[in-house]
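A.B. asks: No sequence on hand, only this structure:
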Ligand SMILES: Nc1ncnc2c1ncn2[C@@H]1O[C@H](COP(=O)(O)OP(=O)(O)OP(=O)(O)O)[C@@H](O)[C@H]1O
């Protein structure tokens, strides 16, 4: 479904990605981990066709970027990121924000079809925000806005749902609720690609993990093979301990770390 082959990316004399090979196949759900500035968002932007490699090929959902109409491919991709939230119009009612996902536009200036409105209301109910449908987006909390974006991304029943730190800024309770919604709403035919700084967000639903360090993939594969204290200590350049609890990985910094 996603094949990045021999990707190199240079911008303004900086090498942002080097020799990236990443193959994400049907039936897998991936998490990408890495330190600040390691290239995670750059990878996601490449999967969405917003950035192009200097060399190498990007194949997404059977289309090779550069040889296809990317706008058509994007209709099959949901994207949840802070940058999308910032582009939404805060005074629009919540149901309308969700409904515009149907047209893959940020705003829709004509009357919205009744069927589309009902579908938006149904998805809002599924994420527990049905009672807020008529409120302006500006009146919702950060956590509620993330859920609105999740509902919006699902309007077109995407084959691929890409999420860039969807739980950033959420309190513990809101984060756990969003993760449950995600697990419930992700259909079997939808691949998830998820970037986070918090490895305990790797709920059992996720099957594979890629570790990126300074623009290079240092490990990628089934999560049980990739997630261990040695790999994570190397990734974060800090000694850590890791445990699996209830099917989720949790890490602890070894006291003092590299400062000792
Ligand atoms: N257009 C660009 N030109 C030059 N440098 C860029 C450009 N876009 C991103 N970068 C740099 O590339 C590096 C990787 O950025 P990216 O946003 O992918 O990191 P990230 O892993 O998502 O980081 P974070 O966890 O902090 O969000 C950063 O050092 C960033 O400054």
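C.D. replies: That came in fine, so what should we check first? Just so you know, these numbers come straight off a predicted model, no measurement behind them.
A.B. asks: Flag every residue of this structure that's near the ligand.
C.D. replies: Counting by CB under 6 Å from any ligand atom, the positions of the chain adjacent to the ligand are 11-12, 14, 16, 34, 36-42. C-betas here are computed from N, CA, C, even on glycine.
A.B. asks: Can you tell me how far the residue nearest in space to the middle of the chain is from the ligand?
C.D. replies: Nearest residue to the geometric centre of the chain (CA atoms, centre = their mean): residue 163, 1.3 Å. Using CB to the nearest ligand atom, to the nearest Å, we find residue 163 at a distance of 13 Å from the ligand.
A.B. asks: List the strands paired with the strand or helix carrying that residue, with their directions.
C.D. replies: Taking DSSP states H and E as the definition, residue 163 sits inside strand 160-164. Here strand 160-164 is paired, per DSSP bridges, with strand 77-80 (parallel), strand 191-195 (parallel).
A.B. asks: Next secondary structure after the last one?
C.D. replies: I take that to be strand 191-195. Per DSSP H and E, the first helix or strand lying C-terminal to strand 191-195 is strand 208-213.
A.B. asks: do the same with the shortest one
C.D. replies: Tracing the chain C-terminally past strand 77-80 and defining elements by DSSP H and E, one meets helix 82-87 next.
A.B. asks: Tell me which other helices or strands that following helix touches.
C.D. replies: When contacts are defined as 3 or more CB pairs under 8 Å, 6 or more residues apart in numbering; DSSP states H and E, helix 82-87 sits against helix 142-154.
A.B. asks: quick one: contacts of the helix it packs on?
C.D. replies: 78-80, 84-85, 94, 97-98, 100-101, 120, 123-124, 126-129, 132, 137, 140, 161, 166-167, 169-171, 174-175, 177-178, 181-182, 185 (CB atoms under 8 Å, 6 or more residues apart in numbering).
A.B. asks: That one versus strand 160-164: what angle between them?
C.D. replies: Relative orientation of helix 142-154 versus strand 160-164 (axes from the mean of the first three to the mean of the last three CA atoms, to 10 degrees): 160 degrees.
A.B. asks: pLDDT weak spots in this protein?
C.D. replies: 104-109, 187-188, 256-260 (pLDDT under 70).
A.B. asks: just the strands in it please.
C.D. replies: Along the chain, the segments classed as strands by DSSP state E run 2-11, 14-24, 30-33, 55-60, 63-64, 77-80, 160-164, 191-195, 208-213, 216-222, 240-245, 248-253.
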